[in-house]
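1. Here's a sequence, model it:
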Amino acid sequence: MKAHKIPKLTVEEYINQEKESGNKYEFHNGKIYALAGGTLNHGLLCGNIYAELRGALKNNKSKCKPFTSEVKLNIGSENSFVYPDSMVICGDIEIADTDKNSVKNPVLIVEVLSKSTALYDRGDKFYLYRQIPSLQEYVLIEQDKPLVEVFYKKPKSDLWRISRFEGLDTKIKLQSLNIEINMTDLYYDIEFRSS
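-> Numbering: from 1, shown residues only. Below you'll find the predicted structure:
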């Protein structure tokens, strides 16, 4: 039996595929990957981080805007489209040339880790995100324990520093936005399950 090679899609074909199917896909240089559904903890954490970001930015009267995973991110230099769990854009929103529903200039990106995506989120996906000139902070949230890792770089620097926040009595410091989030608020309603 002969293997069939799947042809690469153009960006336009990818966008049409999403519209026609009603499903979300990541796009990487002509190849698409369906996004799997998440766990209850994943869904709660995505909602909690968005709510905490929005509340803190609103209280600070910030011009920065948080987004949920419903908004697509274009990484033009890598010919990729992804759906971060949350992201924040400060200042004007830059729209992708090839898709009017995609943005391209987040300052902060958040991913909630799962067993199936943790290696990707820490590795190849973080590599993609580092190609975004505006990005200053990358936040990884564990589902099964109160643990958050924050990668931060100053503007016009290539050096990423990592901070680890552990335990419900801790506050997460997000330097790019000049805000803090209580771990008890981030992990509100989360039930930790042993593996």
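
2. alpha carbons only for contacts and neighbour counts from here, please
-> Fine.

3. hey, what's the residue nearest to N23 when sequence neighbours are not counted bridged with?
-> Once flanking residues are discounted, N23 sits nearest to A34: 7.6 Å by Cα to Cα, 6 or more residues apart in numbering. Going by DSSP bridges, A34 is paired in beta bridges with Y25.

4. Distance of A34 relative to E52?
-> Note on A34: its distance to E52, by Cα to Cα, to the nearest Å, is 28 Å.

5. and the nearest residue to S69 once chain neighbours are set aside, what is it in contact with?
-> Of all residues not flanking S69 in the chain, D85 sits nearest, at 4.6 Å (Cα to Cα, 6+ apart). Contact analysis of D85 by Cα atoms under 8 Å, 6 or more residues apart in numbering lists C46, T68, S69, I109, V110, E111, V112.

6. Helix or strand with the lowest mean pLDDT in this structure?
-> Ranking every helix and strand in the chain by mean pLDDT, DSSP states H and E puts strand 31-34 at the bottom, with a mean of 89.

7. export it as PDB, just CAs?
-> Output of strand 31-34 as PDB, limited to C-alpha atoms (Å, rounded to 0.1, in the frame of the first residue of the first chain):
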ATOM      1  CA  LYS A  31       0.200  21.900   8.000                       C
ATOM      2  CA  ILE A  32      -2.800  22.100  10.300                       C
ATOM      3  CA  TYR A  33      -3.300  20.400  13.600                       C
ATOM      4  CA  ALA A  34      -6.700  20.100  15.300                       C
END
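
8. Quick one: list the elements packing against the helix or strand following it.
-> As assigned by DSSP states H and E, the chain's next helix or strand after strand 31-34 is helix 40-59. With contacts taken as 3 or more Cα pairs under 8 Å, 6 or more residues apart in numbering; DSSP states H and E, helix 40-59 sits against strand 64-68, strand 86-90, strand 108-112, strand 179-182, helix 183-186.
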